[in-house]
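Student: everything below, folded, please.
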Amino acid sequence: MWEVVAGFRLLVSRAAHPVHRPWTEQVRSRVDDAGLTAGWLADLVPPQNYLCDFLTPFPTESAPSLDAELAAIRATPAAFVRRDIAKLRESARTRALRADPERWLPQITEEIETFWEIALAPYWAKIRAVLDAEVFHRARQVAEHGAAHFFNDLHTTVSWDDNTLRLVRRCCVLSRQTAGPGLLLVPSVFAAGVLTWMRYPDPPQLAYPARGTGTLWERRPPARAEAIAAVLGRSRTRLLTELAAPASTTELAGRTGISAAGVSQHLAALRGAGMVSAHRAGRSVLYARTAVAETLLTAAD
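Tutor: Got it, this is the predicted structure:
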């Protein structure tokens, strides 16, 4: 959910982003067509300042599923929802949510699920690889150099001094007296800076920009397709290489010269082998490479 809110905020800001421009150019029209930029998320995730804490519930495991997080949002106590939306600019939707959270939370999570399918799920294999690499790097950093080195390297606005974690240029106070024990660190590819979350008795959350995000949308040189084609066949190998960015059957047929029926048949086989995933985007379906396919192409390259 941190990637949902940070990614949506990036899109609605309409700013040209030096790193995420390939992603925003691909997904912005889909998000607009789905009406999401004029829906609940537009009211709850403004381009700047406060984000509703109930949209990023404290996770019960290290890598919760979207379903688990949406269930946690729907189960948010009404008092927490009202407290959060009181910090937002008032609108017809926030007034309705304040009056009856139980009625509107399912509609909000339905909208989140649509955004996920359109904007994040087709790219999740790449995003997750960056996040996992960040977690491994930071864990090793703590083990080798200690917490002080780790926090002082995390972000320019974060520092560790005299056994105290300090965050500068924050618009809200984060103190141990009003937070639960511990601290949850959440790397994010879309966060522009450090984001904080606090709801007693849970530990506070600190989301921060992950290392390696700059490589996320890089176009890699084509893999040595002949080695893979000897196993998968030329058509399926061509489709995998074309899926550097998620695409529909029609788009793939136009780019490769393979008939739409042929593309569908090959994609079905690749999907059955776990190399391709399918994601609903309005009336069409977007296909994307999975982590299995990414590993295969990287090895061939």
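
Student: now Val168: closest residue in space that isn't a chain neighbour?
Tutor: Spatially, and ignoring its direct neighbours in sequence, Val168 is nearest to Thr157 (5.1 Å; CB to CB, 6 or more residues apart in numbering). Backbone N, C-alpha and C define where each C-beta goes, glycine included.

Student: between the two ends of stretch 65-82, how far is it?
Tutor: Length of stretch 65-82, first residue to last, CA to CA, to the nearest Å: 26 Å.

Student: which helices and strands does the longest helix anywhere in the chain pack with?
Tutor: For the chain, the helix that runs over the most residues, judged by DSSP state H, is helix 124-145. Where contact means 3 or more CB pairs under 8 Å, 6 or more residues apart in numbering; DSSP states H and E, helix 124-145 is packed against helix 147-152, strand 184-188, helix 291-300.

Student: those into CSV, with extra columns for distance to Trp124?
Tutor: Formatted as CSV, the helices and strands packed on helix 124-145 follow (distance: least, CB to CB, whole Å):
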stretch, distance to Trp124
helix 147-152, 26
strand 184-188, 13
helix 291-300, 9
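
Student: just these: most buried one?
Tutor: Counting by mean count of other CB atoms under 10 Å, strand 184-188 has the highest mean neighbour count of the helices and strands packed on helix 124-145, with a mean of 19.

Student: which parts of the stretch 101-250 of the chain are helices?
Tutor: Along the stretch 101-250 of the chain, the stretches classed as helices by DSSP state H, counting those that start in this stretch are 101-115, 124-145, 147-152, 225-232, 234-242, 249-256.

Student: okay, the ones you listed, which one's buried deepest?
Tutor: Highest mean neighbour count among the helices of the stretch 101-250 of the chain (mean count of other CB under 10 Å): helix 234-242, a mean of 21.

Student: I'd assumed Ala191 was in contact with the residue nearest to Val168.
Tutor: No. Under the criterion of CB atoms under 8 Å, Thr157 is not in contact with Ala191, lying 11.7 Å apart.
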